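Trainee: predicted model follows, preceded by the sequence.
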Amino acid sequence: CTQTYLNASMATDADIECAGSSIDHDNTCQNATLVGGTGSFNVYCLGKRTCNGVNILSENAVFSNINCIGDNACEGNAATLSEMTYITGGQCGLQLVCDGVHACQHVFIDGGHSNLVNVSCIGQHACSINTKLVCGTGACFL
């Protein structure tokens, strides 16, 4: 799924899993764009460097549940705002879990119209370097 455009915008619910191999757990779904549908959008990036440089766009979904589990999972490509990786929330909520060393660095997290944004950063330097969070229209937890 490297450099792939996976568009589920015409679907209601969508589940996408990017998991590394059982040997190295590396590099799956890098530099891709994942677009959710109009219902729930569940994304699982499991393993080292999974979903690096991936834009996860769920502004049309009701609720988005995004899991970046592993060292450097969902890490952005660049430090400049125009080149950062984007993660956007659904209409009603965004649940984002960044669990791993350097997970979700260099990422622009946009709650959009979400009335609940909950971002969990677990692991050394997770979400810490040049990560930006814009809350939605309601409660926002980091």
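Mentor: Okay, I see it. Numbers count the residues shown, from 1 in each chain.
Trainee: all strands of the protein, in order?
Mentor: 5-7, 14-19, 33-35, 40-46, 55-57, 63-69, 85-88, 93-99, 107-110, 116-122, 132-134, 139-141 (DSSP state E).
Trainee: who does the first one pair up with?
Mentor: For strand 5-7, the paired strands and their directions (DSSP bridges) are strand 33-35 (parallel).
Trainee: for the worst-scoring helix or strand of the chain on mean pLDDT, buried residues please.
Mentor: One helix or strand of the chain scores below all others by mean pLDDT, DSSP states H and E: strand 5-7, with a mean of 88. Buried residues in strand 5-7, counted by 16 or more other C-beta atoms under 10 Å: L6. The C-beta positions use only the backbone N, C-alpha and C, and glycine is treated the same way.
Trainee: dump the strands of the chain into CSV; add distance to E75 as well.
Mentor: Putting those into CSV (distance: least, C-beta to C-beta, whole Å) gives the following:
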stretch, distance to E75
strand 5-7, 19
strand 14-19, 13
strand 33-35, 15
strand 40-46, 10
strand 55-57, 13
strand 63-69, 8
strand 85-88, 8
strand 93-99, 9
strand 107-110, 7
strand 116-122, 12
strand 132-134, 14
strand 139-141, 22
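Trainee: which of these sits closest to N77?
Mentor: strand 85-88 (6.3 Å; C-beta to C-beta).
Trainee: in that closest one, what's buried?
Mentor: Across strand 85-88, burial judged by 16+ other C-beta under 10 Å covers T85, I87, T88.
Trainee: which residues sit against that strand?
Mentor: 53-59, 64, 66, 74-77, 94, 96, 104, 106-112 (C-beta atoms under 8 Å, 6 or more residues apart in numbering).
Trainee: which ChimeraX command selects the buried ones in those residues?
Mentor: The buried residues among these can be selected in ChimeraX (16+ other C-beta under 10 Å) with this line:
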select :53,54,55,56,57,58,59,64,66,74,75,76,94,96,104,106,107,108,109,110,111,112
